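*Asks:* What shape does this take:
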Amino acid sequence: MREIPREILDSFTDHLDLALFITDCEGVVHQLNERASSIIRLPKITAVGRLLDRLLPPEAAQILENERREALATGITRHLMKKLLIFPGWGIRYLEIRVIPFRNPDGEPWVAHLLNDITNRERREMASEKARENAEADARARRAFLARMSHEIRTPMNGIMGMTDLALQSNPPEDIAEYLGIIKNASDSLLGILNDVLDFAKVESGRMELEELPLELSELLSQTITLLKPAAEEKGIELTGNVDSRLPEVLSGDPTRIRQILTNLIGNAVKFTEHGSIHIGIEPGPKLPDAAENEIAIAGSVRDTGIGIDPEKLESLFDAFTQNDSSISREYGGTGLGLAICRTLARLMGGDVDAESTPGKGSIFRFKINLKKHAGPVSDAESGISGARDSNADIPHFKGLTVLLAEDNRVNKLVAENLLKRTGINVISCSDGSEAVSSWREYKPELILMDLQMPKMDGIEAARIIRAAEDAESPVPIIALTAHILDEERKAAEDAGMDGWVGKPIKPSELYAELERLLPPVVSG
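*Replies:* Numbering: from 1, shown residues only. Down below sits the predicted model:
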C-alpha cells in the first residue's frame, strides 16, 4: 500500500480542532500540529526534538507522562474524559485527553497525545445546569406560594361554606334560606376557580399524577349529570347522557380526573346554552395499534344547542386563560382554564379533547382517553365513587365515640365541631400540635382530626410524636385536615403516619366517608 506523503498528513492534522503531540517512548516530540503549537506558544520547528514534559505546565506534563507510561505498558489507549488544567496565556481549560500507543514505520514504540479542548461545551453544560437549578428553585418557590395561597384562601372559605351549611340546616325562613343559597352557590363558584388555578399550576409544573383505581363510567356520568341538572333545569334545558353497553361495567383509571373532564365539558355546555338540549355519549373508541392488550379506548362527546363558537377560534379555546372574547368572560364568568386542563388530563390518559361548532347552532366537544380493563367488583370506598351527601343528607351515627379535633382557627373549629357532634361524637378540641399530643395522652380518643398548619407545633410533627409513642398494635387513626392540596403535603402527611385526608373547605360527605372508613363499624348505623 502506498504511503500518504508527510506534507499531506501535516496539512490534515493542522486542520484538526484538537492538539496533537507525537512522541517516542521517552517523551521526545517528533511531530505536532498547529493547535498544539498554539497551546505551547512555540513554533513547530522549535518544539520538535524537545521533551514534551518541558513544553507543558507541570500538572499537565505529569498527567501526560503517567498516561503515556500506562499506555506503553499495556498497549491500550488511555482516555481521560475531563481534566481541568491551567495553561499560561490560555487560562483555565477543560480537556478531554487520549493517549494512544502505536509503532512507527521502524517498529519503535511511539505515542500520540490528543488534547481536545471541551471548555466551551463544559461552560454551556454548567450554564444549563445552573439554569435547571434556578428553574427548580423557581418551581419550588411557586409551589410554596401556591400552598400558602391555598391555605390562606381555603381557611376563610371553609368558615363561610361550613357556617352556611349549618345555617341552612337550622330551617331558616324562606327568604333567609334564599340568601344563604346564594352565598353557598357563590362560594362553590369561587372554590371552583381556585381549584382550576391550582390544577393548572400542577399541570404547568409537570407534577400532575394520575391514579389507577376501579371505576364505573356510568356512575361517573350519572353523578356529574345529577350535579349539573339543577342549573340546566333552571334554564329549561334537557340534559341527558348514556354509556354504550359494549363498554365493560368496571374499568381502571383515575375517577377524579375523568369526573373533572366531564364536569368541565358538561358545565361549559350548560353555561353557554340558553335553550334546547345537551346530550353526553360515551362509547368504545378505535383501538390504537400500539395499545396494550388490557387497554380500552374510550370516546366521549358533549353536544349542545348553545351559542356556538367561531371556527377560527376553536383551537385557541384550549389555551390557558383564553375565552372566545372578553364579553363572554364578563357575561358568563370563568378563568378560561377549564378546557386547557381537560385537554392536558386527556393527553395524560393517552387521548385528547377537540371541538367543532357552528355559531348560533351549538357545539360538539369530543374527548378520547385510554383506560384499562379491571377484573372484579368495584366498591365506593375503593374508587371514590360514592353517592354525594349534601347538606341535608343522612348523617352517620357514632354515639359514644370520642374524636380529638386539633384546629387553630376559631371559625373552622366551630364548623368541624358541629359536623362531628351531629353524628353523636364527643368532641375534644385543642388549638395546636403540642396540645393535641397532651390531649391524646389524656383522653385516648378513637380518632384524631388534625389540622396540618398550627402554631407552636404543626400537625405533621404532632402526628410523628404520637406514632412514636403509641402502642403499634392499636394505633389511633389520624385524619389530616388542611387547606393545602399539593402532592407534597399529602406525601408529608402519609410519611408522618396519617391515615386519611379531608380538605378545606370541609365537605360533610368527605368527612363522614373518612369517619365511616376509620371508626369502628360496630357503632355506626
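*Asks:* and residue 303, bridged to which residues?
*Replies:* Residue 303 forms beta bridges with residue 279, residue 364, as assigned by DSSP bridges.
*Asks:* I'd guessed residue 434 sits against residue 458; true?
*Replies:* No - Residue 434 is not in contact with residue 458 according to Cβ atoms under 8 Å; the separation is 10.1 Å. The C-beta positions use only the backbone N, C-alpha and C, and glycine is treated the same way.
*Asks:* which non-adjacent residue is nearest residue 356?
*Replies:* Closest residue to residue 356 apart from its sequence neighbours, by Cβ to Cβ, 6 or more residues apart in numbering: residue 364 at 5.3 Å.
*Asks:* repeat for residue 215
*Replies:* Nearest one to residue 215, counting by Cβ to Cβ, 6+ apart, is residue 255 at 4.1 Å.
*Asks:* Would you map the strands across the stretch 351-500 of the chain?
*Replies:* Along the stretch 351-500 of the chain, counting by DSSP state E, counting those that start in this stretch, strands occupy 352-358, 362-373, 402-406, 426-430, 447-451, 478-482, 500-503.
*Asks:* Relative to the first one, what are the paired strands and their orientations?
*Replies:* Paired strands of strand 352-358, with direction, are strand 362-373 (antiparallel) (DSSP bridges).
*Asks:* Kindly export the partner strand (C-alpha atoms) in PDB.
*Replies:* Written as PDB, here are the backbone C-alpha positions of strand 362-373 (Å, rounded to 0.1, in the frame of the first residue of the first chain):
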ATOM      1  CA  GLY A 362     -74.300  24.700  19.000                       C
ATOM      2  CA  SER A 363     -71.000  22.800  19.700                       C
ATOM      3  CA  ILE A 364     -69.700  19.300  20.000                       C
ATOM      4  CA  PHE A 365     -66.800  18.700  22.300                       C
ATOM      5  CA  ARG A 366     -65.200  15.300  21.900                       C
ATOM      6  CA  PHE A 367     -62.800  13.600  24.300                       C
ATOM      7  CA  LYS A 368     -60.700  10.400  24.000                       C
ATOM      8  CA  ILE A 369     -59.000   8.600  26.800                       C
ATOM      9  CA  ASN A 370     -57.400   5.200  27.300                       C
ATOM     10  CA  LEU A 371     -58.500   3.200  30.400                       C
ATOM     11  CA  LYS A 372     -57.600  -0.400  31.400                       C
ATOM     12  CA  LYS A 373     -59.700  -3.400  32.000                       C
END
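*Asks:* That one: how far from the chain's middle?
*Replies:* 22 Å (Cα atoms, centre = their mean, to the nearest Å).
*Asks:* Now do the buried residues in it.
*Replies:* Buried positions in strand 362-373, judged by neighbour count with 16 or more other Cβ atoms under 10 Å: 362, 363, 365, 366, 367, 368, 369, 370, 371.
*Asks:* before we move on, back to that, okay, residue 434 and residue 458: which has more neighbours?
*Replies:* residue 458 (20 against 17; other Cβ atoms under 10 Å).
*Asks:* Pull the contacting residues for that one.
*Replies:* Contacts here follow Cβ atoms under 8 Å, 6 or more residues apart in numbering; on that basis residue 458 touches 433, 452.
*Asks:* Check the buried residues of strand 362-373 against residue 107 and report the nearest one.
*Replies:* In terms of Cβ to Cβ, no member of the buried residues of strand 362-373 lies closer to residue 107 than residue 370, at 67.1 Å.
*Asks:* Can you tell me which of the strands of the stretch 351-500 of the chain is nearest to residue 490?
*Replies:* Using Cβ to Cβ, the nearest of the strands of the stretch 351-500 of the chain to residue 490 is strand 500-503, at 6.3 Å.
*Asks:* ok, residues contacting that closest one?
*Replies:* For strand 500-503, contacts defined as Cβ under 8 Å, 6+ apart pick out 154, 449, 477-483, 485, 490, 493, 510-511, 514, 517-518.
*Asks:* Helices of the stretch 351-500 of the chain, residue ranges please.
*Replies:* Listed in chain order, the helices of the stretch 351-500 of the chain (DSSP state H, counting those that start in this stretch) span 380-383, 410-421, 433-443, 459-469, 487-495.
*Asks:* Could you export those helices as a markdown table, including mean pLDDT and distance to residue 218?
*Replies:* A markdown table is the format used below for the helices of the stretch 351-500 of the chain (pLDDT from 0 to 100; distance: least, Cβ to Cβ, whole Å):
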| stretch | mean pLDDT | distance to residue 218 |
| --- | --- | --- |
| helix 380-383 | 46 | 13 |
| helix 410-421 | 88 | 31 |
| helix 433-443 | 94 | 43 |
| helix 459-469 | 94 | 38 |
| helix 487-495 | 81 | 29 |
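*Asks:* Redo the ones you listed as TSV? Include distance to residue 53.
*Replies:* Below are the helices of the stretch 351-500 of the chain laid out as TSV (distance: least, Cβ to Cβ, whole Å):
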stretch	distance to residue 53
helix 380-383	73
helix 410-421	76
helix 433-443	67
helix 459-469	61
helix 487-495	56
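*Asks:* Out of these, which gets nearest to residue 40?
*Replies:* That would be helix 487-495 among the helices of the stretch 351-500 of the chain, by Cβ to Cβ, at 55.2 Å.
*Asks:* which helix is the longest one in this structure?
*Replies:* What stands out as the longest helix in the chain, according to DSSP state H, is helix 119-168.
*Asks:* Where do the domain boundaries of the protein fall?
*Replies:* Using automatic domain parsing, the domain ranges for the chain come out as 6-117, 210-383, 402-523.
*Asks:* Pick the most deeply packed of those domains.
*Replies:* With neighbours taken as mean count of other Cβ atoms under 10 Å, the domains of the chain reach their highest mean count in domain 402-523, at a mean of 19.
*Asks:* any idea how far that domain is from the chain center?
*Replies:* With Cα atoms, centre = their mean, you get 26 Å for domain 402-523.
*Asks:* do stretch 19-32 as well
*Replies:* 56 Å.
*Asks:* The helix or strand hosting residue 93 packs against which elements?
*Replies:* In the assignment (DSSP states H and E), residue 93 maps to strand 91-103. Helices and strands touching strand 91-103, by 3 or more Cβ pairs under 8 Å, 6 or more residues apart in numbering; DSSP states H and E, are helix 58-74, strand 78-87, strand 109-117, helix 119-168.
*Asks:* Pipe the ones you listed into CSV and attach mean pLDDT per row.
*Replies:* What follows is the helices and strands packed on strand 91-103, written out as CSV (pLDDT from 0 to 100):
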stretch, mean pLDDT
helix 58-74, 91
strand 78-87, 83
strand 109-117, 92
helix 119-168, 79
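*Asks:* about what we covered before: tell me which of the strands of the stretch 351-500 of the chain lies nearest to residue 311.
*Replies:* Closest of these to residue 311 is strand 352-358, at 6.7 Å (criterion: Cβ to Cβ).
*Asks:* And for that closest one, what's in contact with it?
*Replies:* Against strand 352-358 from outside (Cβ under 8 Å, 6+ apart): 261, 265, 308-311, 314, 317-318, 339, 342-343, 346, 363-368.
*Asks:* same thing but at 10 Å, please
*Replies:* Contact partners of strand 352-358, identified using Cβ atoms under 10 Å, 6 or more residues apart in numbering, comprise 261, 264-265, 268, 300-302, 304, 306-311, 313-315, 317-318, 324, 339-347, 362-369.
*Asks:* returning to what we had before: what pLDDT does the residue nearest to residue 356 get?
*Replies:* For residue 364, the pLDDT comes out at 94.
*Asks:* ok, now how distant is it from residue 314?
*Replies:* 11 Å (Cβ to Cβ, to the nearest Å).
*Asks:* now residue 85
*Replies:* In terms of Cβ to Cβ, residue 85 sits 59 Å off from residue 314.
*Asks:* which residue of the protein sits farthest from its center?
*Replies:* Distance from the C-alpha centroid of the chain, by Cα atoms, centre = their mean, peaks at residue 106 (66.1 Å).
*Asks:* any weak-confidence spans in the stretch 151-300 of the chain?
*Replies:* In the predicted model, the stretch 151-300 of the chain carries pLDDT under 70 at residues 151, 189, 193, 196, 199-208, 288-291.
*Asks:* And the helices in it?
*Replies:* For the stretch 151-300 of the chain, the helices defined by DSSP H, counting those that start in this stretch cover 174-204, 217-235, 255-271.
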